[in-house]
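>>> Sequence and predicted structure below; questions after.
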Amino acid sequence: GQIAGCYTEVNDETEARQPFGPLTNRTGDNRSMWLWQSASELEENPYFGRSNIWYPGSGYIDILDTGYEAAKRELEFLRDESWIDLSTRVVFLDFMAYNPNVRFLTLVKVSVEFRPGGIAQPFVLLRSVDVGQILLSKESMKTLAPEVLVLVFVIGYMLYEIWDMLRTGPKYLLNG
């Protein structure tokens, strides 16, 4: 079929905020996926997309089950109810993964931006951290001590330079 109309850029004035779709699911539970939530409610920051567009941290959200079959049923339900439609600009999938072999915790943010003309532009952002750096242990304390020492030296040097700047005044900038 033909596209019924055009959609404007994403900004605070054009962002859809009205509830839509069935407000209950098949079991009768309230469904927050059909209710707009602010960035502060979602505890999300704005996101600068690959299309050079700022997306606010607000929107409609659904939390998928961690089980494969339940998540698949939920995604099928969202598809059948047109949760993503022609006015959708971006979809995010956020999750964390832990690899016990190397003790790494990874935050995965998958975004798919829907561009004019029907182009879907995916992007994956990975942020990993060694769990040993987060949890207190003898090993993490061994690496923390030198880092704190370097930080103390840097702060000390900065304080000395500020004191020297205040003491000498404008001549500080001329002194090479």
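Yep, it's here.
>>> give me every residue that touches N175.
Taking C-beta atoms under 8 Å, 6 or more residues apart in numbering, we find N175 in contact with T168. The C-beta positions use only the backbone N, C-alpha and C, and glycine is treated the same way.
>>> Do you know the pLDDT at it?
With respect to pLDDT, N175 scores 71.
>>> Next, the buried residues of stretch 55-75.
55-60, 74 (16 or more other C-beta atoms under 10 Å).
>>> From those, which land in helices?
E74 (DSSP state H).
>>> Tabulate the buried residues of stretch 55-75 (CSV), appending pLDDT.
Below are the buried residues of stretch 55-75 laid out as CSV (pLDDT from 0 to 100):
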residue, pLDDT
Y55, 85
P56, 85
G57, 84
S58, 87
G59, 86
Y60, 86
E74, 87
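>>> list the helices and strands the helix or strand bottoming out on mean pLDDT in the chain packs on?
None of the helices or strands of the chain scores lower by mean pLDDT, DSSP states H and E than helix 131-134, at a mean of 74. Under the contact criterion of 3 or more C-beta pairs under 8 Å, 6 or more residues apart in numbering; DSSP states H and E, helix 131-134 touches strand 104-114, helix 138-168.
>>> mind checking how far E81 is from Y47?
25 Å (C-beta to C-beta, to the nearest Å).
>>> now F95
Taking C-beta to C-beta, one finds F95 at 16 Å from Y47.
>>> In terms of packing, which of these two has more residues around it?
Using other C-beta atoms under 10 Å, the more surrounded residue of F95 and Y47 is Y47, with 16 against 11.
>>> Is the more buried one bridged to anything, and to what?
Y55 (DSSP bridges).
>>> surely P122 meets R115?
No. Using C-beta atoms under 8 Å, P122 is not in contact with R115; the gap is 11.4 Å.
>>> More neighbours: these two, which one.
R115 (14 against 10).
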